[in-house]
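Novice: A predicted structure for the sequence below; I have some questions about it.
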Amino acid sequence: MAAAYLDPNLNHTPNSSTKTHLGTGIERSPGAMERVLKVFHYFESNSEPTTWASIIRHGDATDVRGIIQKIVDSHKVKHVACYGFRLSHLRSEEVHWLHVDMGVSSVREKYELAHPPEE
């Protein structure tokens, strides 16, 4: 399982140096907005639970499927279609499973309005 949030302390500025390839196969041109998603992974097995974080760079055109693809690619995971993405708000304990075709910008618009960053 992985939990994710946009870390307000990470750089969310336009990229002016080189072109970037997103997980969805879309190439972005210089000056396009690049954001950073900090994803926390929680794995439980017969031994101790394991937790770590990954930094995922994405653009406005990235969808949830692209984020999942980047995460599983880094771990050489098979059967990518079996994975989902869950968004959880720690203070209210709200949980939302995100549709893979939903754009990250749509997720931000929909869920950040309900919980402003100062929460």
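Specialist: Happy to help now that I have it.

Novice: for residue 55, give the beta-bridge partners.
Specialist: residue 38 (DSSP bridges).

Novice: that one: neighbour count?
Specialist: 10 (other CB atoms under 10 Å). Where you see a C-beta, it was placed from the backbone N, CA and C, and this is true even at glycine.

Novice: do the same with the one 3 residues further on
Specialist: Using other CB under 10 Å, residue 58 has 24 other residues around it.

Novice: what of residue 62?
Specialist: Counted with other CB under 10 Å, residue 62 comes out at 24.

Novice: the bottom helix or strand of the chain by mean pLDDT?
Specialist: strand 20-21 (a mean of 36; mean pLDDT, DSSP states H and E).

Novice: what are the buried residues along the lengthiest helix in the chain?
Specialist: Ranked by residue count and defined by DSSP state H, the top helix of the chain is helix 64-74. Neighbour counts over helix 64-74 (16 or more other CB atoms under 10 Å) mark 64-72 as buried.

Novice: would you list those in TSV and tack on pLDDT and distance to residue 35?
Specialist: Putting the buried residues of helix 64-74 into TSV (pLDDT from 0 to 100; distance: CB to CB, whole Å) gives the following:
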residue	pLDDT	distance to residue 35
64	91	14
65	92	17
66	90	12
67	89	11
68	88	16
69	88	17
70	86	13
71	83	16
72	83	20
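
Novice: low-confidence stretches in the protein?
Specialist: For the chain, the stretches with pLDDT under 70 are 1-33, 43-45, 117-119.
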